Each structure stands twice: as structure tokens, then as C-alpha cells.
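A.B. asks: pasting the sequence and the predicted coordinates here, then a few questions.
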Amino acid sequence: MNSAEVWVDLAIKLLIVEDESIVALDIKHRAELLGYEVVGIASSGEEALKLIKEKKPDLVLMDIVLKGEMDGIEAAEVIKRDYNIPVVYLTAHSDKETLDRAKQTEPFGYLIKPFEDRELHSAIEVAIYKHMIESKLRISEERYRKLVESSPDLIMLLDRTGKIVLLNNAFERVTGFPRKKCYKRHVKILKEMGVINKGEFKKFMEELVKPFKDRLDNPVQVKIKDKKGRKHYLELYASTIKNGENFIQLIGHDITAKVESDKRKLKLIREKTRREVYGFLLSAIPVFTSIVPPQLRNTIIKNFGD
């Protein structure tokens with residue numbers, strides 16, 4: 001493969017959507033001089049969508065005002081929804097209503113006609129870079145969501161106002177409550193639902209503020225109840241995630257089995273100790289009965305039995 005073929009493979013592919021043929025050809029010529037590959041010119045929104053399927057451009061230069069049933073804004077909406085291709089609008093002096101409609105499609109840039117070559121180059125490069133960053137972020141978010149959903153731990157993501165923006169499937173598995181009831185609601189909804197009582201909720205909230213105080217304390221243990229009233233014990237870890245704004249990530253590790261096991265072990269230890277003490281007392285009965293009055297002896301035995 002020669003150097004020219006390598007350049008063609010790496011060149012950014014553009015689709016120009018412009019119903020004025022002379023203007024479209026001028027933009028094509030200027031874009032090619034800047035090193036871009038123009039894969040097609042469309043004069044209508046419908047034609048643009050057809051060419052996108054065939055040519056798969058990296059970016060679309062879209063005139064806002066087009067002849068035909070579909071204008072540039074409507075075409076851009078479809079392109080964004082179905083193809084995830086960045087659009088840069090080409091516009092002259094459009095009215096405020098049209099520009100407001102255009103903003104709703106979240107374009108990657110605007111070029112005001114007439115524009116210079118440097119403006120064309122800058123708009124294309126910025127749009128491609130912005131789209132690349134957003135794509136990486138979207139992939140990262142998808143991976144994060146998949147990891148969260150597959151986690152056996154209860155994971156919750158809160159925005160800076162305390163509203164729940166993400167709650168994984170483990171919440172439903174542990175509590176039996178539908179997580180959709182919690183979305184976009186303040187975290188206190190957990191208390192209102194009966195998942196956590198007032199005292200435990202206070203510990204819960206104290207854990208949430210730890211990351212903002214740079215505290216590296218041990219995780220806090222809280223007790224919650226499921227829909228059937230059964231107790232569950234969680235070990236909570238809070239941390240912050242920055243993604244344009246601060247989010248609080250809360251991970252609840254279910255330690256119910258460990259807590260219940262520890263309780264059983266403690267009960268066995270107490271019973272063993274009780275038996276050992278009782279055995280010691282039985283062995284000491286001859287001495288005990290000889291030095292303790294009957295009435296006091298009966299009281300001591302009764303209290304020990306209780």
C-alpha cells in the first residue's frame with residue numbers, strides 16, 4: 001500500500017447536504033483541499049439519509065434550510081438517533097425559532113455562511129474530536145453499567161442533590177422492592193419505603209459525606225429490612241465519581257450470612273461458658289451447701305438458672 005492509499009484510508013469522510021448545487025460544489029472543493037474525503041452531496045434530507053446508509057460518512061455538513069418535505073433539522077434528528085454521526089449545521093441568517101429547533105438536536109457545531117477555509121477546518125476537527133470523546137465516554141458508561149448490573153453487591157449512584165440516578169439489580173434481589181420506584185427520588189425514599197429505619201438512616205447518611213471530608217474510615221455497618229420484614233446487614237463503602245459533575249457511589253456488601261454466623265458462634269460460646277460454670281458449681285455443691293444458708297442458697301440457684 002502506497003502513502004496515497006494510506007492517506008485516503010485515514011481521511012475523514014464528509015457528506016455535504018446543501019440544496020444549492022454551486023454552494024455544495026464549492027464546499028466540496030474547499031474540503032478536499034483541506035485533506036478531507038467528500039463521499040457524497042445530497043440536496044435533500046431524504047437523499048442524505050439514503051447516502052448515509054451507503055457511504056457511512058464520519059461527519060455531515062448539513063444546511064438547515066432545505067427544499068422538500070424534510071428540512072436539515074429533521075434530517076439531523078434522524079441521523080443522531082439512528083446513526084450516531086456528528087452533524088455540523090450550515091446556516092445563513094435563520095430566524096430564532098429555526099435556530100431554537102436546531103439547538104434541540106445538539107449539533108456538534110455551526111458554520112455561518114459565508115465562512116473561511118480555516119473556519120471550515122476548525123468546525124470539522126472540533127466536531128470529530130468532540131464526537132470521539134463522547135463515544136469513548138458512552139462506551140465507558142456502558143461498561144460501568146454492565147459491571148454494576150452484574151455485581152452481587154448493592155450499588156447506588158447519587159447526584160450532588162442526593163437523588164438516586166442509578167440502582168442495580170442487587171437492590172431488588174436483597175430488598176424485594178422495585179428499583180424504578182427509587183429513580184430520580186431523594187435517597188430518603190429508602191426510609192419512606194421502610195427499607196431502613198431512622199437510626200440506621202443516620203449512619204447511612206454519615207457514610208455518604210465521608211468522601212467529601214477526605215475520611216478513610218472503616219466501612220459502616222447498617223441494618224435494612226426487605227419487603228417481607230426480614231433483616232439484612234450491609235457493609236457500606238462510599239466514594240466519589242467525577243463525570244462532568246460529582247456523583248456519590250455507594251457500595252453495600254451483604255454481610256447478613258456473616259453476621260448471623262457470628263451471632264450463632266457467640267451463642268454457642270455463651271452456652272458453653274454457662275455449662276462450664278454450671279459444672280463448676282455442681283462440683284462445688286458439697287462445700288456450697290455446708291457454708292451457705294438454705295434460703296440464700298435457693299435464691300442464688302434460682303438466679304443462676306434464670
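C.D. replies: Ah, there it is.
A.B. asks: the helices in the stretch 1-150 of the chain, which residues?
C.D. replies: Secondary structure of the stretch 1-150 of the chain, counting by DSSP state H, counting those that start in this stretch: helices at 3-10, 21-33, 45-55, 72-83, 96-104, 117-150.
A.B. asks: using a markdown table, lay out those helices together with distance to residue 199 and mean pLDDT.
C.D. replies: For every residue, glycine as well, the C-beta is placed using N, CA and C. Listed next are these as a markdown table, based on distance: least, Cβ to Cβ, whole Å; pLDDT from 0 to 100:
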| stretch | distance to residue 199 | mean pLDDT |
| --- | --- | --- |
| helix 3-10 | 62 | 43 |
| helix 21-33 | 66 | 95 |
| helix 45-55 | 59 | 94 |
| helix 72-83 | 48 | 92 |
| helix 96-104 | 47 | 80 |
| helix 117-150 | 28 | 87 |
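A.B. asks: mean neighbour count, the ones you listed: which tops it?
C.D. replies: Greatest average neighbour count among those goes to helix 72-83 (a mean of 19), per mean count of other Cβ atoms under 10 Å.
A.B. asks: mind pulling up the phi and psi values for residue 187?
C.D. replies: Note on residue 187: its backbone torsions stand at phi -60, psi -20 [degrees, to the nearest 10].
A.B. asks: go on, residue 44?
C.D. replies: Per degrees, to the nearest 10, the backbone of residue 44 is at phi -150, psi 160.
A.B. asks: can you tell me, leaving aside adjacent residues, what's nearest to it?
C.D. replies: residue 68 (4.2 Å; Cβ to Cβ, 6 or more residues apart in numbering).
A.B. asks: how about the contacts made by that neighbour?
C.D. replies: 19, 44, 45, 46 (Cβ atoms under 8 Å, 6 or more residues apart in numbering).
A.B. asks: how about the backbone phi and psi for it?
C.D. replies: Dihedral pair for residue 68: phi 110, psi -180, per degrees, to the nearest 10.
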